[in-house]
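**Q** Pasting the sequence and the predicted coordinates here, then a few questions.
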Protein chains: 2
Amino acid sequence: MAQVLVVPRVRLNRDRVLQAAVGLADQAGIEALSMRRLAEELGVVPMALYKHVANKDELLDGMVEVIVAEIDPPAPDTEWKAAVRLRVLSARQMLLRHPWARSVLESRTTHTPAVLDYLESTIGMFLAGGFSADLTHHVMHALGSRMWGFTQELFDASADPARPPVDPAVQAARMQAMAERYPHILQISTAAAHDDSVVAHGCDDRFEFEFALDLLLDGFERLHVSGWSSSPVTRTA
Amino acid sequence: MAQVLVVPRVRLNRDRVLQAAVGLADQAGIEALSMRRLAEELGVVPMALYKHVANKDELLDGMVEVIVAEIDPPAPDTEWKAAVRLRVLSARQMLLRHPWARSVLESRTTHTPAVLDYLESTIGMFLAGGFSADLTHHVMHALGSRMWGFTQELFDASADPARPPVDPAVQAARMQAMAERYPHILQISTAAAHDDSVVAHGCDDRFEFEFALDLLLDGFERLHVSGWSSSPVTRTA
DNA sequence: ACCTGAACACCGTTCAAGT
DNA sequence: ACCTGAACACCGTTCAAGT
């Protein structure tokens, strides 16, 4: 009759599993997320998870649902360019909160409802702005992974904190070798106004992200106002 | 004295290990590439590999070296825009030969010599075209993973061939449900001139790739001729 | 110098069993 | 209906040993 007392303090359910998985990935990294470790975190035996997610792939899909739902909803009464810009920058904020999300989003090919909702409303912004379905199609491809807030790191900005500190003399010698073999890389590394230090220091991601995003948005606008359309003739090449 | 006869038919070396790894990934997929399976393919015990690569991470770095070296060298005596365009399209050809390369290139953060050489010569094209180091810096970020030939798939073009064929009636019902819940997605899927079938059929990747690439290159050109420079004032936001 | 064998500490997932 | 325990077929990598 004391049976009720021995059930787990909180009954497991799909949402609790997904939240714990996101939390674990945030905190320990995506490579540390295993079914076994996640089960341990939830105080449960590994096989208990399989009543709530079919397998690890479905777990990852569920995690994507959770984080994509964190992206701000579309701003109402906003013209297309500002609306897309705001939305994409919101996606980027989400991505910064979940560093593992980039690789997981890229590895997933299945489209869960939250992902489809995000695509649907982003496409809707261009259509509402008067873009043809044709142009919108190509524009979505061109926007590409940038629509998820992805930014390109040319060099790894954050060195592994677990790595031993580098001797300044060694560092200087390395820079010297870089300068000889890769003069152009060194030139643009030190050129950016926001970063007068060395390659290893990384760039202002936000500036780089907005630079590329606005370049694309301006390009889309130019095509739109000029009445661009994909011509079958030029496409046979 | 017959000792020479019992050594492996072909002595293992780093290059043979890397070539076999690339071949295995090409043929069986990156998820099938394990140290154990690779060793088996080479007719050797798993631990034999560790004399030639330090660990699996270094194996992946080595594989990147092999495939990046396959990208065509820069075309001589070519103005920047055509030169960059040719190079990037060559990278894309390499990527099509090695479908696993995308995820591996994205997961790597270390820069091996072949990767640095590729960056160096691409940067050199912009500088030779008269771009400032400042603009070139941002342009390289904006080009982003497209410089490796990456294209964005909005929907998974190629369905898993191992999956059972879908009943046409089921397929039609799915399309109906899609049309109701995601009308915009359906609209742009059917709109592109080159693809009048359904979402599942995928797009003309080459057209989409060149569309986005040329949009970026045209944008770069416009900034260049207008004497663009990153202003510290606008960057404090 | 290069390869081997056995072992360790992990994986995802199955199956049959418990309550 | 939900959780458990034992087992299977894998991983990457170590260490000490062989030739």
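**A** Yep, it's here.
**Q** dump the residue contacts of the residue sitting nearest the centre point of chain A.
**A** The centroid of chain A falls nearest to A:Arg102 when counting by CA atoms, centre = their mean (3.9 Å). Contact partners of A:Arg102, counting by CB atoms under 8 Å, 6 or more residues apart in numbering or on different chains, are A:95, A:148, A:150. No exception for glycine: its C-beta is placed from N, CA and C like everyone else's.
**Q** same question, A:Ser229
**A** For A:Ser229, the contacting residues are A:132, A:134-135, by CB under 8 Å, 6+ apart.
**Q** Going by neighbour count, which of those are buried?
**A** If you count burial by 16 or more other CB atoms under 10 Å in any protein chain shown, the buried members of the contacts of A:Ser229 come out as A:132, A:134-135.
**Q** Reformat the residues you listed as TSV; add pLDDT, secondary structure and distance to chain B.
**A** Below are the buried ones among the contacts of A:Ser229 laid out as TSV (pLDDT from 0 to 100; DSSP: H, G, I helix; E, B strand; the rest coil; distance: CB to the nearest CB, whole Å):
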residue	pLDDT	secondary structure	distance to chain B
A:Ser132	95	coil	7
A:Asp134	93	helix	5
A:Leu135	94	helix	9
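**Q** Return the member of those residues nearest to A:Val88.
**A** For those, the closest approach to A:Val88 (CB to CB) belongs to A:Leu135, at 17.9 Å.
**Q** Please name the spatially closest residue to that closest one (chain neighbours excluded).
**A** Take A:Leu135 and drop its neighbours on the chain: the residue closest to it by CB to CB, 6 or more residues apart in numbering or on different chains is A:Trp228, 5.7 Å away.
**Q** Tell me how far the one you found lies from B:Arg146.
**A** A:Trp228 is 20 Å from B:Arg146, where distance means CB to CB, to the nearest Å.
**Q** out of those two, which sits in the busier spot?
**A** B:Arg146 (23 against 17; other CB atoms under 10 Å in any protein chain shown).
**Q** Got phi/psi on that one?
**A** Per-residue torsions, B:Arg146: phi -60, psi -20 (degrees, to the nearest 10).
**Q** show me the contacts for it.
**A** Here B:Arg146 is in contact with A:144, B:88, B:209, B:212-213, B:216 (CB under 8 Å, 6+ apart).
**Q** of these, closest to DNA strand D?
**A** Nearest to DNA strand D out of the contacts of B:Arg146 is A:Gly144 (CB to the nearest atom of the strand; 30.4 Å).
**Q** Let me see the contact set for the nearest residue to the closest one once chain neighbours are set aside.
**A** Closest residue to A:Gly144 apart from its sequence neighbours, by CB to CB, 6+ apart: B:Gln152 at 3.3 Å. By CB under 8 Å, 6+ apart, the residues touching B:Gln152 are A:141-145, B:208, B:212.
**Q** try A:Met94
**A** A:67-68, A:70-71, A:101, A:149.
**Q** ok, and the closest non-adjacent residue to it?
**A** A:Glu70 is the one closest to A:Met94 (CB to CB, 6+ apart), at 4.8 Å.
**Q** any idea how far the one you found is from A:Ala114?
**A** The spacing between A:Glu70 and A:Ala114, counted by CB to CB, is 9 Å.
**Q** Check which helix or strand A:Asp26 maps to.
**A** Assessed by DSSP states H and E, A:Asp26 sits inside helix A:14-28.
**Q** and chain A, which of its residues are near DNA strand C?
**A** Contact residues, chain A versus DNA strand C (CB under 7 Å from any atom of the strand): A:3, A:33-37, A:46-47, A:50, A:55-57.
**Q** Separate out the buried members of these.
**A** Buried members of these, scored by 16+ other CB under 10 Å, are A:33, A:35.
**Q** for the residues of chain A next to DNA strand C, which one is nearest DNA strand D?
**A** Comparing those against DNA strand D with CB to the nearest atom of the strand places A:Met47 closest, at 3.6 Å.
**Q** give me phi/psi at the closest one?
**A** Backbone geometry at A:Met47, expressed as degrees, to the nearest 10, gives phi -70, psi -20.
**Q** contacting residues around it?
**A** A:Met47 neighbours (CB under 8 Å, 6+ apart): A:Ala39.
**Q** Likewise for A:Glu65?
**A** Shown in contact with A:Glu65 (CB under 8 Å, 6+ apart): A:18, A:112-115.
**Q** Whether the helix ranked longest in chain A contacts chain B - can you check?
**A** Longest helix in chain A, counting residues (DSSP state H): helix A:205-225. Yes - shown here: helix A:205-225 in contact with chain B (CB under 8 Å from any CB of the partner chain) through A:207-208, A:211-212, A:215-216, A:218-220, A:223.
**Q** Buried among the residues you listed? Need that as a selection in PyMOL.
**A** In PyMOL syntax, the buried subset of the residues of helix A:205-225 next to chain B is picked out as below (16+ other CB under 10 Å):
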select buried, chain A and resi 207+208+211+212+215+216+219+220+223
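**Q** out of the residues of helix A:205-225 next to chain B, which one sits closest to DNA strand C?
**A** Out of the residues of helix A:205-225 next to chain B, the member with the shortest distance to DNA strand C (by CB to the nearest atom of the strand) is A:Glu208, at 33.8 Å.
**Q** Pull the contacting residues for the residue lying closest to the closest one once chain neighbours are set aside.
**A** Counting by CB to CB, 6+ apart, A:Glu208 lies nearest to B:His141, which is 4.1 Å off, once chain neighbours are set aside. Counting by CB under 8 Å, 6+ apart, B:His141 touches A:151-152, A:154, A:203, A:208, A:211-212.
**Q** burial of A:Gln27, as a residue count?
**A** Quick note: A:Gln27 (other CB under 10 Å) scores 10 neighbours.
**Q** cool, and the one 5 residues further on?
**A** Burial of A:Ala32 is recorded as 12 neighbouring residues (other CB under 10 Å).
**Q** how far is the helix or strand hosting A:Thr122 from where the chain is centred?
**A** Using DSSP H and E, A:Thr122 sits in helix A:113-128. Distance, stretch centre to chain centre, for helix A:113-128: 17 Å (CA atoms, centre = their mean, to the nearest Å).
**Q** Give the buried residues for that helix.
**A** A:114-127.
**Q** tell me the angle it makes with helix A:205-225.
**A** Orientation of helix A:113-128 against helix A:205-225 (axes from the mean of the first three to the mean of the last three CA atoms, to 10 degrees) gives an angle of 50 degrees.
**Q** Whether helix A:113-128 contacts chain B - can you check?
**A** Yes - using CB under 8 Å from any CB, helix A:113-128 reaches chain B at A:116, A:119-121, A:123-124, A:127.
**Q** Which of those residues sits closest to B:Ala177?
**A** A:Leu116 (11.1 Å).
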